[in-house]
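Asker: Below are the sequence and a predicted model; questions follow.
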Amino acid sequence: MNDNEIKARLKSSAEEGFKALFDEYWSYCYTIVFSVLRGFGSQSDIEDCTSDVLSDVAMNYNSMHEGSLKAYIGTSAKRRAIDVKRSLSSHTSKNIPLEDDISSLLPSADNVEAQTENAELSEILLSRISSLGEPDASIIIHKFFYEHNSSETAKILGMNPITVRSRLRRALKKLKVLLADFDITL
């Protein structure tokens, strides 16, 4: 069914026009509303907003209007969904539902322990890499932290790629010795 037929039905019979509008544009309107409300509203919020948009269009659309009905619905859907999103986000930011278990939002003790241990290991590793001096420290950082290959590292540091590879091999041997004191192996 095209826009002109839907407009004619809206003009002749509100009920028939709404049914035609609903059948033709539900999924289009739903898609727009869903893209705006995703992550903010529930399934019923999205469906309610979609129904409200189509109801508003059926009641307020001027059938004599020359513009596209699809464009009008798209604009209406986006604006209504943004209003609903604002309403939902202001409502949820001020209230914490009682049925939610807040402890599930907090990190577990195991997770905190692992994060702390990783942070300590990273600090030790970076300090030992820095102790190698330049350009060895930069070569290792480019290779393992930035995942650059020897050619890219050589270009950045202004060196020959073969030199970068040989310095990397020697720097890793030195680093392995420095990390042995902490029981860290490469």
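Answerer: Everything's here; your move.
Asker: Go ahead and flag the most central residue of the protein.
Answerer: Gly39 (10.3 Å; Cα atoms, centre = their mean).
Asker: Give me the secondary structure label for that residue.
Answerer: coil (DSSP: H, G, I helix; E, B strand; the rest coil).
Asker: For it, what are phi and psi?
Answerer: phi 90, psi -10 (degrees, to the nearest 10).
Asker: how far away is it from Lys85?
Answerer: 9 Å (Cβ to Cβ, to the nearest Å). Where C-beta positions appear, they are placed from N, C-alpha and C, glycine not excepted.
Asker: Show residues contacting the lowest-mean-pLDDT helix or strand in the chain.
Answerer: Lowest by mean pLDDT, DSSP states H and E among the helices and strands of the chain is helix 109-131, with a mean of 75. Helix 109-131 is contacted by residues Pro107, Ala137, Ile140, Ile141, Leu175, Leu178, Leu179, Phe182, Ile184 when judged by Cβ atoms under 8 Å, 6 or more residues apart in numbering.
Asker: Which members of those residues occur in strands, if any?
Answerer: Among those, no member falls in strands (DSSP state E).
Asker: Go through those and flag which are in helices.
Answerer: Those of the contacts of helix 109-131 mapping onto helices are Ala137, Ile140, Leu175, Leu178, Leu179, per DSSP state H.
Asker: Out of those, which is nearest to Ser89?
Answerer: Taking Cβ to Cβ as the measure, Ser89 lies nearest Ile140 of the ones in helices among the contacts of helix 109-131, at 45.1 Å.
Asker: Do I have it right that that closest one meets Arg169?
Answerer: No - here Ile140 does not reach Arg169: they are 10.9 Å apart, not a contact under Cβ atoms under 8 Å.
Asker: more neighbours, those two?
Answerer: Counted by other Cβ atoms under 10 Å, Ile140 and Arg169 do not tie: Ile140 has more neighbours, with 22 against 10.
Asker: give the contact list for the more buried one.
Answerer: Ile129, Leu132, Leu168, Ala171, Leu172, Leu175.
Asker: re earlier: dump the ones in helices among the contacts of helix 109-131 into a markdown table; add pLDDT and distance to Lys7 as well.
Answerer: Converted to a markdown table, the ones in helices among the contacts of helix 109-131 look like this (pLDDT from 0 to 100; distance: Cβ to Cβ, whole Å):
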| residue | pLDDT | distance to Lys7 |
| --- | --- | --- |
| Ala137 | 87 | 72 |
| Ile140 | 85 | 70 |
| Leu175 | 84 | 75 |
| Leu178 | 82 | 78 |
| Leu179 | 79 | 76 |
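Asker: Could you give the number of residues near the residue lying closest to Phe182 once chain neighbours are set aside?
Answerer: Leaving aside its chain neighbours, Phe182 sits nearest to Ile124 (5.7 Å; criterion: Cβ to Cβ, 6 or more residues apart in numbering). By other Cβ under 10 Å, 15 other residues sit near Ile124.
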